[in-house]
Structure formats: structure tokens, C-alpha cells
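**Q** Build the 3D model from these lines:
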Amino acid sequence: MTSAPHPRLTRPGLAVLGVAYFLTTFLFASANVAVPEVARRLAASPAQQTLILAAFSATFATALILFGRLGDNRGRRRVFVAGLVAVGIASVAAGFAPDITSLIVLRAVQGIGAAAFTPQVLSTVQATAAGEARRRAIAVIAATAGLGFCGGQVLGGALLAWDPAGLGWRAVWWSAAVIAWFAAAAARAVPETRAERRLPLDYRGTALLTVALLALLVGLSVGGTLGWPPVSWVLLVVAVGAGAAFWSSQRRGEAAGGAPMLPPSVFAHRPIRVGLLMALLFFSGYGALVFEYALVSEHALGMSPLASGVALVPYGAAFVAVSLAQPGIHRRLGARTMPVGALLNAAGLVALAASGLAAPQVWAWTVQPALILVGAAQAMQFGPLVGAIMGAVPDRIAGLTGGLVSTAQQAAFALGVATLGTGYTALAGGMPAQYAFALILLVHAGLAIAFAACARSLHRAPSTGDTEAPVPAAAVRSRR
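**A** Got it, this is the predicted structure:
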């Protein structure tokens, strides 16, 4: 039994998917801006402030692959709408949270809702567009990701500065609800698609992956913020053990002809293996850079959240503009797009390190040329990287695309903040913050060079193992 031919993704449908992907990054950026004000009004401890961010990231990351499978089985638009509605409800409730514990719980619910709709964005693009149309769609999605980041910083900062009716941080969460419900109301423009074969849900694998990612993300977040207390190391040990058990269960399940959540045979595709390594390199540097920038601009130099966010607008504009120009860039550079982008990113980071030593009163202006170069270069890395991973995932499990990309993104964000962010904090304890920022940016440049090396190797001739993974026998039996 097979489904009807998948419809073509129209411009209105792509616009709705773009709004949803905007919301994904908006939820991260706006929360980062709001947390200090939440801490002041709700008397949150440093650990609780960390959990406001970690609760969302942890539940978001752990549920992505599961909801990708659900979208494949039940209908991607259906799951997409359910996730948006859930985020809207959780965001309104978070705005009414009476205490810090309630807010942390509601942030976790927000993460689950976001995990439901986010993987459907890329899987719908994969199922409804190919070739040049797919490249254009990915360019739009990448651009909206950059817009969401800047929008979260600027709108969140503006709401905090305006403080309408004394609501402040509560209005930040309500703005996310408006975006979520708008996208849900317009979702009819998104074509409904699903996999041709319904694969059974892997409950054991889901449980093990949830434990592994929760322990990893919370352990890294708590450790990086609180100076690595014993509980953070215990969580990391639990993450390693649960991760090993998860991988073992996936191998046994596929060997027995089942349909595990993350089929190990998918990793026979070399672009997936190298692409996920590149995702870790890219997102760990990206997440840490945003974190370090906020510490320098707001904490060390005394800029307001709004001023700090506005100073990042040219960076975001460069990211968006180059993302939208990506199809034309690809026609000119082809496989060289990502290596060239990564090397330009490294050059921009070195320039940012040098310009960041300017006097505090002109710092925000002096760093702009380097930030613009970094934003443009990162756009040349991000969109093509998503396309490379998408092209390697078989269409029959398209839901895995969004799950893999977003899970790698979340793990890398936490890893980057815990390592590079902690490194910056340690350096800033013994020297001016601007000098510490300059030194850690050189490490970021090294990550960009490593990304360029991986990108060059990504397009070499495939090995004999780079063939599409076989359809699990259980998947065939389940449709008979």
C-alpha cells in the first residue's frame, strides 16, 4: 500500500514553514534575553536561571526524532499544527507563571511542542521539493532561522525596555504564542504528506535516547554555569551509559528486522556521518559565540538587552541576505560553497578578535564589519549543510532529517557553551573581558577551519558503504 503522490510545496506553504522555523530560533533567543529579568522578578537562583533555558533545550532535543517518526506515520502537517498549538498554549501559560518552578515546567512543555513541529519543516520540504526547488526552499528556511535569532534578541529586548503594564518578561513569552497560533491558523497552505510505509514506534529506544540527551544537556548546562559540581559529572556519566545502551538497542533491533528510531544502517551514508560532525563544529561555535557576545556586551560593557540585540541586526541581516542568495551562490561555487564560507568565517572571527579590543564606548560600532562578514559566511555554511544531510537521508524516513539536524544543533549548543563559554568565563576572570573574548575567538576560528576541512572531504567519491540503507523487514510487514 502506498500513499498518493506528494503535492508540490507552494510559496504560501513555504512561507508558513518559514514562520515556524523562525519561531524555533525565536524561542531560544528571546528566552536568553528575558532570563536576567525573570531572575530579578522571581528571585531565581543561578541554577534556576540555567534550568529556564535547559528545560526547553532538553525536552526539545529528546523528542525531535520521535516526532519526526510520528509525522512520517500520522501526517506531517497534522503533527506540525499540533506542535504549534501546544507551543501557543504553553507560552501563554508561561506568561502567567506565578513562580520559577512553574515557569521551568512550562518551558519544558514548550520544548515538547517545538519538538513536534520543528522536524516537520525540513521533512515536508524533503517530501515536496527536489533539485533547484529544494535549494530555494532550504535558503528560505535558513533565512528565517537567522531572522528568528535577531527577532528574538530585538523584540525581546524591546519588550523588556518598554515593559508594558509592568509585564516585561511575560510579554516576551506571549509574543511567541501569537507567532505560533498565526502559523497554525495558516497551516492549511502546507501540503499534507506522510511516509509510504508506516514504521512502528520504538518505545525502548525513545526512553533510552530521552535519558541520554536529558542527562547530557542538563549536565552540560549546569556544569558550565555552576563550575562543574559533582551532580553535573554524574549526569554526564548517565548520559554516556544511556547513549551506549541506546545505540546497542538500535543495532539489535535493526539486525532482527525491526524499525528502530535511529536505524544504524542510515549511517552507512558517508554524508550523514561527516555532515553531523560538521553540524557539531558549526553549532557549537555558533551557540558559544552568541553566549559570549551577550556576556561581553551586556555584562562587561553595560549595554542594555535592547542595545545588545540591535547591535546584532547587521550580523543577522547579512545572514538572511546571503541565505536567500544561496541558490545563486551554489550555481557559481558548487561544492566549494561550504569550504569557502568556513574560511571566510574564520577570517571574520580573527577580524572580530582584533576589532573587539576597541575602547568600550565605540566597541559596538567597531565590531560591525567583522560581525557582518561572520554572518554572511555562516549563511554559506548553514544552508548547504542542511541540504547535504537532507540529501543523504532516504525519503522514506524524511522525518529523520529534521530530527537529526535539530538534535545535533541542541547538543552542540550546550557543548559549545559548556566548553568555549566556560573557557571565556575563566579567561575573563584574570583579564579584561574584551581580551578574553579575543582569545576565545581564535578557538572559534579553529573550529571553522576544521569545518572547511570536513566540507572538502564531504564531496569526494563515495565509498562502497555509501549506499541507501535497506528498508527494515518489519516496516514492510507492518503494511501488509
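**Q** neighbouring contacts of stretch 449-456?
**A** 274, 277-278, 281-282, 338-339, 342-343, 345-346, 381 (Cβ atoms under 8 Å, 6 or more residues apart in numbering). To be clear about C-beta, it is placed using only N, CA and C from the backbone, and glycine gets the same treatment.
**Q** Only the buried residues of it, if you could.
**A** Of all the residues in stretch 449-456, those buried under the rule 16 or more other Cβ atoms under 10 Å are 450-452, 454-455.
**Q** Name the member of those residues with the shortest distance to residue 248.
**A** residue 454 (27.2 Å; Cβ to Cβ).
**Q** what about the closest one, distance to residue 274?
**A** Plainly put, residue 454 is 6 Å away from residue 274 if you go by Cβ to Cβ, to the nearest Å.
**Q** Any regions of the protein where pLDDT drops low?
**A** Residues of the chain that meet the criterion pLDDT under 70 lie in 1-6, 394-402, 459-480.
**Q** what residue lies at the spatial centre of it?
**A** residue 409 (4.3 Å; Cα atoms, centre = their mean).
**Q** Please tell me I have it right and residue 289 contacts residue 447.
**A** No - using Cβ atoms under 8 Å, residue 289 makes no contact with residue 447, being 9.9 Å away.
**Q** The stretch 201-350 of the chain: helices as residue ranges?
**A** Assigned by DSSP state H, counting those that start in this stretch, the stretch 201-350 of the chain shows helices spanning 203-226, 230-255, 270-294, 305-311, 313-324, 326-333, 337-355.
**Q** just checking, what packs against the fifth one?
**A** Helices and strands in packing contact with helix 313-324 are listed as helix 131-162, helix 368-392; criterion 3 or more Cβ pairs under 8 Å, 6 or more residues apart in numbering; DSSP states H and E.
**Q** of the ones you listed, which approaches residue 112 most closely?
**A** helix 131-162 (18.9 Å).
**Q** Could you give me the buried positions within that closest one?
**A** Applying a neighbour-count criterion of 16+ other Cβ under 10 Å, the buried positions in helix 131-162 are 134-160.
**Q** same check, this time on stretch 300-312
**A** Buried, per 16+ other Cβ under 10 Å, within stretch 300-312: 300-301, 303, 305-306, 308-312.
**Q** Widest-spaced pair of the contacts of stretch 449-456?
**A** Pairwise distances across the contacts of stretch 449-456 (Cβ to Cβ) peak at 18.7 Å, for the pair 274 and 346.
**Q** higher neighbour count, the two?
**A** With neighbours defined as other Cβ atoms under 10 Å, residue 274 and residue 346 compare such that residue 346 has more, 22 against 19.
**Q** any idea how far the more buried one lies from residue 358?
**A** Counting by Cβ to Cβ, the gap from residue 346 to residue 358 is 21 Å.
**Q** Compute the distance between the closest residue to residue 51 other than its chain neighbours and residue 94, please.
**A** Spatial nearest neighbour of residue 51, chain neighbours left out: residue 104 (5.0 Å); criterion: Cβ to Cβ, 6 or more residues apart in numbering. Distance of residue 104 to residue 94, computed by Cβ to Cβ: 10 Å.
**Q** same question, residue 276
**A** With Cβ to Cβ as the criterion, residue 276 and residue 94 are 32 Å apart.
**Q** Same question for residue 78.
**A** Residue 78 is 25 Å from residue 94, by Cβ to Cβ.
**Q** Could you do residue 108 as well?
**A** 10 Å.
**Q** who's more crowded, the two?
**A** Neighbour count, other Cβ under 10 Å: between residue 108 and residue 94, residue 94 has more, with 27 against 19.
**Q** which stretch of helix or strand covers that one?
**A** helix 76-95 (DSSP states H and E).
**Q** Mind listing what's buried along that helix?
**A** For helix 76-95, by 16+ other Cβ under 10 Å, it's 76-77, 79-95.
**Q** CA atoms of that helix as CSV?
**A** Taking C-alpha atoms only, helix 76-95 is exported to CSV below (Å, rounded to 0.1, in the frame of the first residue of the first chain):
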residue,chain,number,x,y,z
ARG,A,76,3.4,15.8,8.9
ARG,A,77,1.0,18.7,8.7
ARG,A,78,-1.2,17.2,11.4
VAL,A,79,1.8,16.9,13.8
PHE,A,80,3.1,20.3,12.7
VAL,A,81,-0.2,22.0,13.7
ALA,A,82,-0.5,20.1,17.0
GLY,A,83,3.0,21.2,18.0
LEU,A,84,2.3,24.9,17.1
VAL,A,85,-0.9,24.9,19.2
ALA,A,86,0.9,23.3,22.1
VAL,A,87,3.7,25.9,22.0
GLY,A,88,1.0,28.6,21.9
ILE,A,89,-0.8,27.3,25.0
ALA,A,90,2.4,26.7,26.9
SER,A,91,3.7,30.2,26.0
VAL,A,92,0.6,31.9,27.3
ALA,A,93,0.7,29.8,30.5
ALA,A,94,4.4,30.6,30.9
GLY,A,95,3.5,34.3,30.8
